[in-house]
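Chemist: need a 3D model of the sequence below.
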Amino acid sequence: MFEIEYEFREQDLIHFNELQFSKNDEIQHNIKKNRLMVPGVIFLIGAFYYFYYNDVQTTAYVMVIALLWALLSPKIMMLDLHRQILKSYTPKEKNDMFGKYSLTIDPANPKYLLEKSPSGKNKMGWDELLRVEYGKGYVYFYLNLTTALVIPVETVTKGNLEEFSEQVEKMIERFGE
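Modeler: Prediction:
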């Protein structure tokens, strides 16, 4: 019987959502645009002050603001994303989501991945799982394009995650549609 136990934490939820955020081309385009266009406009205002008023001090302040905007706006957006992610769940949903998880592949009933989580027990058919992906410090069992079981390598307390993941991949190939 293949089994792993791990803990899913708030930081793991944030990590997965950041990963999804970084893969979204539209959002990345908007961040790039924000990072380049706004400082560009601020730079033009600074150039206006320099060439029209010959005001070096104000121009320097405006250029520093443009530089800070370009450097800090992506970080501020990510902090806002963290806040929005955590705000989108009720305290009950958080209690049901964070904590100890157990995933089991039972050889006697190999048609399902059995999950025991803070919200209860769940059976997932292999056709419900799309793929297994490996990331830096994480393994993801994707249920659809935007939802996955996120397994942080550092919190695995029981079982061999590498063997388990390989077995899940085989089961998805064998029983998945």
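Chemist: all strands of the chain, in order?
Modeler: Counting by DSSP state E, the chain has strands at residues 2-8, 99-105, 112-117, 120-125, 131-135, 138-142, 148-152.
Chemist: give me the distance between Arg83 and Met77.
Modeler: 11 Å (Cβ to Cβ, to the nearest Å). In this view, the C-beta of every residue, glycine as well, is placed from N, C-alpha and C.
Chemist: and the strands of the chain, which is most packed in?
Modeler: Compared across those, strand 148-152 shows the largest average neighbour count, a mean of 21 (mean count of other Cβ atoms under 10 Å).
Chemist: that one pairs with which strands?
Modeler: In the sheet, strand 148-152 lines up against strand 138-142 (antiparallel) (DSSP bridges).
Chemist: just for the protein, where's the confidence low?
Modeler: When residues are selected by pLDDT under 70, those of the chain lie in 176-177.
Chemist: can you give me the buried ones in the helix ranked longest in it?
Modeler: In the chain, ranked by residue count with DSSP state H as the criterion, the top helix is helix 56-87. Buried residues in helix 56-87, counted by 16 or more other Cβ atoms under 10 Å: 59, 62-63, 65-66, 69-70, 85.
Chemist: what residues are up against Thr146?
Modeler: Gln20 (Cβ atoms under 8 Å, 6 or more residues apart in numbering).
Chemist: helices or strands up against the longest helix of the chain?
Modeler: Packing partners of helix 56-87 (3 or more Cβ pairs under 8 Å, 6 or more residues apart in numbering; DSSP states H and E): helix 10-23, helix 25-48.
Chemist: just the closest of the buried residues of helix 56-87 to His15, please.
Modeler: Distance to His15 across those (Cβ to Cβ) is lowest for Ile85, with 10.2 Å.
Chemist: in JSON lines: the strands of the chain, plus distance to Val41.
Modeler: Putting the strands of the chain into JSON lines (distance: least, Cβ to Cβ, whole Å) gives the following:
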{"stretch": "strand 2-8", "distance to Val41": "43"}
{"stretch": "strand 99-105", "distance to Val41": "47"}
{"stretch": "strand 112-117", "distance to Val41": "48"}
{"stretch": "strand 120-125", "distance to Val41": "50"}
{"stretch": "strand 131-135", "distance to Val41": "37"}
{"stretch": "strand 138-142", "distance to Val41": "39"}
{"stretch": "strand 148-152", "distance to Val41": "39"}
